[in-house]
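Asks: Predicted model and sequence below, questions to follow.
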Amino acid sequence: MKLHVITLGCQMSAADGTETAAALCRRGWQATAELEQADAILLTTCSVRRHAEQRALSLIGRLREWKAQDPSRFLAVAGCVAERLGERLTRRFPHVDLVVGSKKAASYADIVSEAMGNRLESLRAAQEKDAVARPQPEPVPADAAAAPSVGNPVQTLTIMRGCSCSCTYCIVPSVRGRESCRPADEIIHEARTRFQDGARELILLGQRVNAYRSADGMDFPDLLRALDALPGLRRLRFMSPHPALCDDRLAAAVRECRTACEWIHLPVQSGCDRILGMMRRGYTREQFLATAARLRATIPGVVISTDIIVGFPSETEADFAQTLTLLDELRPATVFCFKFSAREGTPAAMLTDDAPPSLKEQRLAAANAVVERLTRQALDSQVGSIVEVLAETPTFGRTRTGFKARWKSPVAAGDLVSMHVDAATRRTLLGDIDEPHNP
Ligand code: SF4
């Protein structure tokens with residue numbers, strides 16, 4: 001069976017799609033990039049923002065035609081939109097064969113396999129009954145099936161699912177459930193498999209990744225150290241850590257692990273204590289800045305990035321101005337700025353969404369102007385230095401500190417190279433490379 005995977009939205013949704021596809025390929029499915037050749041589509045969806053959910057619904061509607069061309073095709077919709085809307089999705093889109101929500105993300109491969117198996121059985125039964133000779137696709141032998149992630153030097157690895165926090169704007173706890181952590185030995189085994197598949201850098205994923213704790217008591221810094229000891233791993237990143245859980249043990253593990261990159265995404269969301277309290281983020285502005293300062297003091301050269309939300313209910317000009325001053329104090333290299341969008345069922349959706357769209361746009365533009373300046377400064381500060389880059393393609397890669405980099409002379413994807421930074425564009429470092437220095 002040929003499987004086409006489409007992932008929409010956040011990194012967890014992308015990781016769920018990639019990991020499920022890899023598991024199905026190990027069972028004999030074949031990945032295809034061509035929609036028209038696919039016998040089945042797995043669509044993983046995200047509902048963190050209203051816009052992401054609307055995109056998913058519109059795509060599901062457009063897939064009606066793909067399904068109509070051959071009704072034996074199979075369309076599975078998974079993820080947070082599936083969790084949130086459930087049966088409502090199949091009522092609105094009868095061409096969807098399977099709706100499986102994000103609380104079952106760890107079992108997507110089993111569920112899709114079983115549903116597809118049932119589908120084939122009923123097709124066979126119908127064919128026998130009608131004596132219609134419709135040839136079934138040849139099964140692909142397991143050893144010939146290639147997982148879509150094979151050969152990609154940078155791969156995500158989900159270490160936990162769900163979130164036990166209660167940030168008032170966030171839909172994740174209700175659609176993904178409480179935190180559940182994968183056993184450490186399973187993660188380590190999977191990491192080894194990924195190296196054999198060609199991974200050189202792993203990005204550990206979790207909604208609150210540094211809350212990881214295995215049933216036998218291994219916490220996140222322990223896990224970093226255990227993975228760091230694996231031969232084959234060149235780089236380790238993780239996202240997103242919760243600022244309130246970034247303690248000295250975590251900072252020391254990042255400093256001491258050979259592979260742990262000097263880049264930490266630390267989502268702040270607002271620079272105003274009153275708004276942070278309404279968001280139930282669990283820290284104040286001062287505590288957040290102290291955490292960032294501690295990370296910088298412990299991890300030489302660490303680069304920080306962050307997220308902010310503008311236009312949260314009741315946010316005043318003065319509150320928003322505090323977010324801008326926080327950015328200047330924090331000096332992040334990149335910031336993902338979002339407009340508040342009320343998600344049905346969250347506590348923040350009960351508040352009056354009092355900032356009109358034009359005001360949210362205005363604040364977003366003001367925040368982006370500050371971010372543009374900070375990113376420019378961060379990139380310019382690299383010019384003239386020599387940085388280690390992991391090649392994701394022959395002429396593109398990333399530094400340990402998370403900056404994008406481009407060079408002219410091609411190398412093999414997966415190589416570690418030293419690049420002399422000659423210049424920087426708005427988003428990318430440009431330079432020339434020495435010989436690869438793979439260990
Ligand atoms: S920590 Fe807060 S924002 Fe992050 S997933 Fe959990 S509830 Fe959502």
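Replies: Nice, thanks for sending it over.
Asks: lowest-pLDDT helix or strand in this structure?
Replies: For the chain, counting by mean pLDDT, DSSP states H and E, helix 108-130 ranks last in confidence among helices and strands (a mean of 82).
Asks: Name the residues of that helix that are buried.
Replies: By 16 or more other CB atoms under 10 Å, the buried positions in helix 108-130 come out as Y108, A109, I111, V112, S113, A115, M116, R119, L120. (C-beta placed from N, C-alpha, C; glycine too.)
Asks: Determine the set of other helices and strands touching that helix.
Replies: In terms of contacts (3 or more CB pairs under 8 Å, 6 or more residues apart in numbering; DSSP states H and E), helix 108-130 is packed against helix 11-26, strand 40-45, strand 74-79, strand 98-101.
Asks: Let me know which of these is tucked in deepest.
Replies: Highest mean neighbour count among these (mean count of other CB atoms under 10 Å): strand 40-45, with a mean of 27.
Asks: Pull out the CA atoms of the helix or strand containing L430 and give them to me as CSV.
Replies: Using DSSP states H and E, L430 maps to strand 428-436. Listed next in CSV are the C-alpha coordinates belonging to strand 428-436 (Å, rounded to 0.1, in the frame of the first residue of the first chain):
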residue,chain,number,x,y,z
THR,A,428,20.9,33.5,7.1
LEU,A,429,24.7,33.4,7.6
LEU,A,430,26.8,33.2,4.3
GLY,A,431,30.3,32.0,4.1
ASP,A,432,32.8,29.5,2.9
ILE,A,433,33.6,26.1,4.3
ASP,A,434,36.8,24.2,5.2
GLU,A,435,37.0,20.5,4.8
PRO,A,436,34.3,18.5,6.6
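Asks: Please name every helix or strand in contact with that strand.
Replies: Helices and strands touching strand 428-436, as assessed by 3+ CB pairs under 8 Å, 6+ apart, comprise strand 386-393, strand 404-407, strand 416-424.
Asks: Redo the ones you listed as TSV? Include distance to the ligand, mean neighbour count and mean pLDDT.
Replies: Output for the helices and strands packed on strand 428-436, formatted as TSV (distance: least, CB to the nearest ligand atom, whole Å; neighbours: other CB atoms under 10 Å; pLDDT from 0 to 100):
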stretch	distance to the ligand	mean neighbour count	mean pLDDT
strand 386-393	27	19	95
strand 404-407	25	20	97
strand 416-424	31	18	95
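Asks: okay if I get these as CSV plus distance to A342?
Replies: Converted to CSV, those look like this (distance: least, CB to CB, whole Å):
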stretch, distance to A342
strand 386-393, 37
strand 404-407, 33
strand 416-424, 38
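Asks: how does the protein divide into domains?
Replies: If you go by automatic domain parsing, the domain ranges for the chain are 2-144, 151-261, 266-282+290-381, 386-436.
Asks: What strands line up against the strand holding L430, and which way round?
Replies: Counting by DSSP bridges, the strands paired with strand 428-436 are strand 404-407 (parallel), strand 416-424 (antiparallel).
Asks: can you pull the buried residues of it?
Replies: L429, L430, G431, I433.
Asks: From those, which one has the minimum pLDDT?
Replies: Minimum pLDDT across the buried residues of strand 428-436 is recorded for I433, with 88.
Asks: okay, the least confident helix or strand of the chain in PDB with CA atoms only?
Replies: The C-alpha trace of helix 108-130 is given here as PDB (Å, rounded to 0.1, in the frame of the first residue of the first chain):
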ATOM      1  CA  TYR A 108      -1.700   5.900  15.200                       C
ATOM      2  CA  ALA A 109       0.200   3.200  13.300                       C
ATOM      3  CA  ASP A 110      -1.800   0.400  14.900                       C
ATOM      4  CA  ILE A 111      -5.100   2.200  14.400                       C
ATOM      5  CA  VAL A 112      -4.500   3.100  10.800                       C
ATOM      6  CA  SER A 113      -3.200  -0.400  10.000                       C
ATOM      7  CA  GLU A 114      -6.200  -2.000  11.500                       C
ATOM      8  CA  ALA A 115      -8.700   0.300   9.900                       C
ATOM      9  CA  MET A 116      -7.000  -0.200   6.500                       C
ATOM     10  CA  GLY A 117      -6.900  -4.000   7.000                       C
ATOM     11  CA  ASN A 118     -10.600  -3.900   7.700                       C
ATOM     12  CA  ARG A 119     -11.200  -1.800   4.700                       C
ATOM     13  CA  LEU A 120      -9.300  -4.300   2.400                       C
ATOM     14  CA  GLU A 121     -11.200  -7.200   3.900                       C
ATOM     15  CA  SER A 122     -14.500  -5.600   3.100                       C
ATOM     16  CA  LEU A 123     -13.400  -4.600  -0.400                       C
ATOM     17  CA  ARG A 124     -12.300  -8.200  -1.000                       C
ATOM     18  CA  ALA A 125     -15.600  -9.500   0.300                       C
ATOM     19  CA  ALA A 126     -17.500  -7.100  -1.900                       C
ATOM     20  CA  GLN A 127     -15.400  -8.100  -5.000                       C
ATOM     21  CA  GLU A 128     -16.000 -11.800  -4.400                       C
ATOM     22  CA  LYS A 129     -19.700 -11.100  -4.000                       C
ATOM     23  CA  ASP A 130     -19.900  -9.100  -7.200                       C
END
